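> My questions are about this predicted structure, shown below with the sequence.
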Amino acid sequence: MSDIRIDAIDKSFGDTAVLREVSLHIASGEFVAILGPSGCGKTTLLRCLAGFETLDGGRIEIGGELVSAPRHHVPPERRNIGVVFQNYALWPHMSVAQNVAYGLKVAGLAKKQRAERVARVLEVVELGALADRRPADLSGGQRQRVALARCLAMESRAVLLDEPLANLDVHLRGALEEEFAAFHKRSGATMFYITHDQSEALALADRVAVMDKGRILQFDRPEALFARPANETVAGFIGEGRVLEAEDIRPLGNGRAAASLLGQKVELRCAPGEGPRSRASISIHPGDLHLVSDDATANADAGGIAANVTRATYRGAYLRADVMAGPQGSVPLSINIPAPASVSQGQRVTLSLRDGWVIPQTVHSAAASSLPSSACL
Ligand SMILES: Nc1ncnc2c1ncn2[C@@H]1O[C@H](COP(=O)(O)OP(=O)(O)OP(=O)(O)O)[C@@H](O)[C@H]1O
């Protein structure tokens, strides 16, 4: 069993509260990503889990064993978890193979098995040819791969990764993303993966915890974060989301609601328990809009959302149009227009909204609404 239970943990450095009542229950074998902007406390959370930091409040259990509480601390080496840090933490005086083998040696694995396992994982990360090199003679990406190989070799019950792909080029990122997925499938290890790159988090993880200012804003499956963000901040973070203000929200039952948005009557998705509201924040994505007409004169009659194209960018399979929309032309939106349709800067168009989510009204949502809706990670 390697489930992880993090219950209401607090951590401060001096007067600065870095983690505030953070709770996460991670199932055995689950791949969880922690997604948040720089300085939100991701690494501190990982360090608490790994045992490099003590707690001010709350508790952490791994596999049913209490490992951290204010007056209880199991040291890192007794937690049986592997950690890959941003700075690789390699031994400079050891070769690549020795770095990978070190943990296995400490764990008491016989020399022959050690050599076999090291050779196997070095092949996995394409470093077999560099087994005898010292870390100083490797590129940043190669050092990163040694750290990953070490983690793969240990086959730990839980693996914690702190931005493991941050310094790698696009090709290698893709290859290592696949490696993580394969490793996860093969090992069944619980994975705790820290990143500020949402495409990485959404692609790899079973569930993603979105973190901001030391708090978990939402812990959910990638598709739920995208389709049903819990608050404005998550809505603005995920998938180029935009947060708009709608009026006169009237639930229709079955998780649907009628509302007025950008001067149009629209139907939106909402939480089953949603009640009527005079105003609400709405989450939409570029794919929720579509082009009804590229004819300026059709706007009023078509009953769509009038918009003015401010920028059109070729993106291969589609054209990305940035527009100013609404009755006053003051709301910035983006839309993906599939080829062969095309629009150009300065053109007036009519859009319609296919989907949108009424962000539930919670205490946290009300507080978060003061943050800019376009916040990006
Ligand atoms: N040992 C420490 N002493 C004092 N402050 C610290 C310490 N470690 C972290 N902090 C502060 O805690 C906050 C959170 O840092 P942390 O490294 O956990 O964030 P992060 O989300 O991992 O950021 P990044 O993505 O940039 O690595 C920051 O303001 C940081 O300066």
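Structure received. Numbering: from 1, shown residues only.
> Would you mind naming what in the chain lies close to the ligand?
Applying C-beta under 6 Å from any ligand atom, we find that the chain lies next to the ligand at Phe13, Thr16, Val18, Gly36, Ser38, Gly39, Cys40, Gly41, Lys42, Thr43, Thr44, His196. C-beta here means a position set from N, CA and C on the backbone, and glycine is covered the same way.
> filter the residues you listed to the buried ones?
By neighbour count, with 16 or more other C-beta atoms under 10 Å, the residues of the chain next to the ligand hold Val18, Gly36, Cys40, Gly41, Lys42, Thr43, Thr44, His196 as buried.
> and the residues you listed as CSV, adding secondary structure and pLDDT?
Formatted as CSV, those follow (DSSP: H, G, I helix; E, B strand; the rest coil; pLDDT from 0 to 100):
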residue, secondary structure, pLDDT
Val18, strand, 97
Gly36, coil, 93
Cys40, coil, 94
Gly41, coil, 96
Lys42, helix, 95
Thr43, helix, 92
Thr44, helix, 96
His196, coil, 90
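> Dihedrals phi and psi, Phe180?
phi -60, psi -50 (degrees, to the nearest 10).
> For it, report the pLDDT, please.
You'll see Phe180 listed with a pLDDT of 77.
> Could you pull up the contacting residues of it?
Residues counted as contacts of Phe180 (C-beta atoms under 8 Å, 6 or more residues apart in numbering) are Leu161, Pro164, Met191, Tyr193, Leu204.
> what about Arg186, distance to the ligand?
Using C-beta to the nearest ligand atom, to the nearest Å, Arg186 is found at 28 Å from the ligand.
> One more: Ala312?
The gap separating Ala312 from the ligand is 34 Å, by C-beta to the nearest ligand atom.
> what is the closest residue to that residue other than its chain neighbours paired to in the beta sheet?
Nearest non-adjacent residue to Ala312, counting by C-beta to C-beta, 6 or more residues apart in numbering: Ala321, 5.0 Å away. Note on Ala321: beta-bridge partners Ala312, Ile335, judged by DSSP bridges.
> How about the one 10 residues further on?
Each beta-bridge partner of Val331 is listed here, defined by DSSP bridges: Ala325.
> and Val100, what element?
helix 96-106 (DSSP states H and E).
> Now do the next helix or strand after that helix, average pLDDT.
Next helix or strand after helix 96-106 toward the C-terminus (DSSP H and E): helix 111-124. The predicted model assigns helix 111-124 a mean pLDDT of 92.
> just to revisit the earlier point, taking the contacts of Phe180 one by one, which sit in helices?
Leu204 (DSSP state H).
> Check the contacts of Phe180 for burial and list the buried ones.
Leu161, Pro164, Met191, Tyr193, Leu204.
> Using pLDDT, spot the least trustworthy of those.
Pro164 (81).
> what sits against that one?
Taking C-beta under 8 Å, 6+ apart as the test, what Pro164 contacts is Val84, Gln86, Gln144, Ala147, Leu148, Leu176, Phe180, Tyr193.
> Now it. Its backbone dihedrals?
Dihedral angles of Pro164 (phi, psi; degrees, to the nearest 10) stand at phi -70, psi -20.
> my read: Arg133 touches Ser95, true?
Yes: counting by C-beta atoms under 8 Å, Arg133 does reach Ser95; the two are 6.3 Å apart.
> Could you export the buried ones among the contacts of Phe180 as CSV, including distance to Phe31?
Below are the buried ones among the contacts of Phe180 laid out as CSV (distance: C-beta to C-beta, whole Å):
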residue, distance to Phe31
Leu161, 10
Pro164, 13
Met191, 4
Tyr193, 7
Leu204, 6
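> what's the spacing between the closest residue to Thr350 other than its chain neighbours and the ligand?
Of all residues not flanking Thr350 in the chain, Gly304 sits nearest, at 3.8 Å (C-beta to C-beta, 6+ apart). For Gly304, the distance to the ligand (C-beta to the nearest ligand atom) stands at 41 Å.
> now do Ile26
Ile26 is 18 Å from the ligand, by C-beta to the nearest ligand atom.
> Run through the bridge partners of the closest residue to that residue other than its chain neighbours.
Once flanking residues are discounted, Ile26 sits nearest to Ile4: 4.2 Å by C-beta to C-beta, 6+ apart. Beta bridges link Ile4 to Ile26, Ile62 when assigned by DSSP bridges.
> and Ile4, what pLDDT?
Note for Ile4: predicted pLDDT of 96.
> Could you do Val170 as well?
So, for Val170, pLDDT stands at 78.
> how many other residues sit next to it?
If you count neighbours by other C-beta atoms under 10 Å, Val170 ends up with 8.
> Could you do the one 5 residues further on as well?
The number of residues packed around Ala175, counting by other C-beta under 10 Å, is 14.
> So it: helix, strand or coil?
helix (DSSP: H, G, I helix; E, B strand; the rest coil).
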